[in-house]
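1. Following is a predicted model, sequence given first.
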Amino acid sequence: MKVLFMGTPDFALESLQAIYEAGFDICGVYTQPDKPAKRGMKLTASPVKLYALEKGLPVFQPAKLRNEPEVLEEFKALGADIAVAVAYGKLIPEDMLESVPMGFINIHGSLLPKYRGSAPIQWTVLNGEELGGVTSMYLAPEMDAGDIIDMVSTPVGEYETYGELYDRLKVIGAELLVKTLKSIENGTATRTPQDPALVSYAPPLHREDCPIDWTRPARRVIDHICGLAPKPAATAQFGEETFKIYAAVMGCETDLPAGKIVEQTKHGLAVACGDGKSIVITELQAPGGKRMKTADYLRGHKISN
């Protein structure tokens, strides 16, 4: 069974590495074009491209997929029996989906039909879900709407950040991909249509989503901080300065108004929330500074409202 792989970031790299090490015949790797990165804006290859080149796999980086006859013909010429897309970064056009005999499958970072869209892991944490997970499914023209093949769930830790859950799910997703490909190869894979009544969405997050709303309950404020860490990072303004907030834990009860600093201790900065409870900020970054433990920052600085 010849497998064509499409993916770009390290989440996809984990899956590519897993199917390569499992011995699947990978006939081609599609990834996003090199992009300028860091201060020098030097063109930088994706993690998937670097791994594919290291293993001698053919790499393709079309700027567009839709309405590009030459791209489609090149894709077909690879003779893939099945194609896999993991965090590729573009919607796969219908003519491409239909060109693969055994179908196009995808690994998605949520328990579908919950959290269709580009930021499922972040929204899992932002919304305080007790369970996260990954789903393998057949791709369909509508985003993340294809039939489900298999899924794996995992508990979300009390203070687990988006970044930490992402790192766990990319490994779980890679293992699920290998299992899914093997089940398709031996004819035991099932497909279950998604229930439209259970669909929810995970849209991209933007800078305006970062400021903390201190009027919310303390637990929801912590979910907000965890769901945006390490990036783009939640933000909070104290005095004239806006800090990035990376970690926090539940604090004590307080009668201070929401957003007011309760106390500064050796553990961090306690701030009142909207339900009469506080959170303790344990990691932050001051403007122009580096990410650090709040306790370390408070040894040389004072934060005030």
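-> Received it, and whenever you're ready, just let me know what you need.

2. so the residue most central in space within the chain, which of the three states?
-> The chain has Ile121 as the residue nearest its centroid, 4.7 Å off, counting by C-alpha atoms, centre = their mean. Under DSSP: H, G, I helix; E, B strand; the rest coil, Ile121 falls in the helix class.

3. Determine the number of other residues adjacent to Lys133.
-> That one is not Lys; residue 133 is Gly. A total of 26 residues lie near Gly133 under the criterion other C-beta atoms under 10 Å. Every C-beta, even on glycine, is put in place using the N, C-alpha and C of the backbone.

4. How about Ser278?
-> Ser278 has 26 nearby residues by other C-beta under 10 Å.

5. so who does it touch?
-> Taking C-beta atoms under 8 Å, 6 or more residues apart in numbering, we find Ser278 in contact with Ala218, Gly251, Cys252, Glu253, Thr254, Leu256, Val262, Ala270, Val271, Ala272.

6. Pull the contacting residues for the residue nearest to the centre of the chain.
-> Gly109, Ser110, Gly132, Tyr162, Leu165, Tyr166, Leu169.

7. Restricted to strands, list those.
-> Gly132 (DSSP state E).

8. and the contacts of Ile121 as JSON lines, adding neighbour count, pLDDT and distance to Val178?
-> Listed next are the contacts of Ile121 as JSON lines, based on neighbours: other C-beta atoms under 10 Å; pLDDT from 0 to 100; distance: C-beta to C-beta, whole Å:
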{"residue": "Gly109", "neighbour count": "27", "pLDDT": "97", "distance to Val178": "17"}
{"residue": "Ser110", "neighbour count": "25", "pLDDT": "98", "distance to Val178": "20"}
{"residue": "Gly132", "neighbour count": "27", "pLDDT": "98", "distance to Val178": "20"}
{"residue": "Tyr162", "neighbour count": "22", "pLDDT": "98", "distance to Val178": "25"}
{"residue": "Leu165", "neighbour count": "23", "pLDDT": "98", "distance to Val178": "21"}
{"residue": "Tyr166", "neighbour count": "19", "pLDDT": "98", "distance to Val178": "19"}
{"residue": "Leu169", "neighbour count": "25", "pLDDT": "98", "distance to Val178": "15"}
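
9. Give me the domain ranges for the protein.
-> Per automatic domain parsing, the structural domains of the chain span 2-198, 207-300.

10. in its sheet, what does the helix or strand Thr135 falls within sit against?
-> Counting by DSSP states H and E, the element that carries Thr135 is strand 131-138. Partners of strand 131-138 in the sheet, by DSSP bridges, are strand 104-108 (antiparallel), strand 148-155 (antiparallel).

11. Quick check: which of those strands is nearest to Lys42?
-> Nearest of the strands paired with strand 131-138 to Lys42, taken as C-beta to C-beta: strand 104-108 at 30.0 Å.

12. quick check, nearest of the contacts of Ile121 to Gln194?
-> For the contacts of Ile121, the nearest to Gln194 is Ser110 (11.6 Å; C-beta to C-beta).

13. I'd say that closest one and Ser136 touch.
-> No: Ser110 is beyond contact range of Ser136, at 12.0 Å (criterion: C-beta atoms under 8 Å).

14. out of the contacts of Ser278, which is most surrounded?
-> Val271 (28 neighbours).

15. mind checking the SS state of that residue?
-> The local conformation at Val271, judged by three-state DSSP, is strand.

16. Spit out the contact partners of it.
-> Trp214, Ala236, Gly251, Gly259, Lys260, Ile261, Val262, Ser278, Ile279, Val280, Ile281.

17. Separate out the buried members of these.
-> Neighbour-count burial (16 or more other C-beta atoms under 10 Å) applied to these gives Trp214, Ala236, Gly251, Gly259, Ile261, Val262, Ser278, Ile279, Val280, Ile281.

18. Doesn't the third one lie inside a strand?
-> Yes: with three-state DSSP as the criterion, Gly251 is part of a strand.
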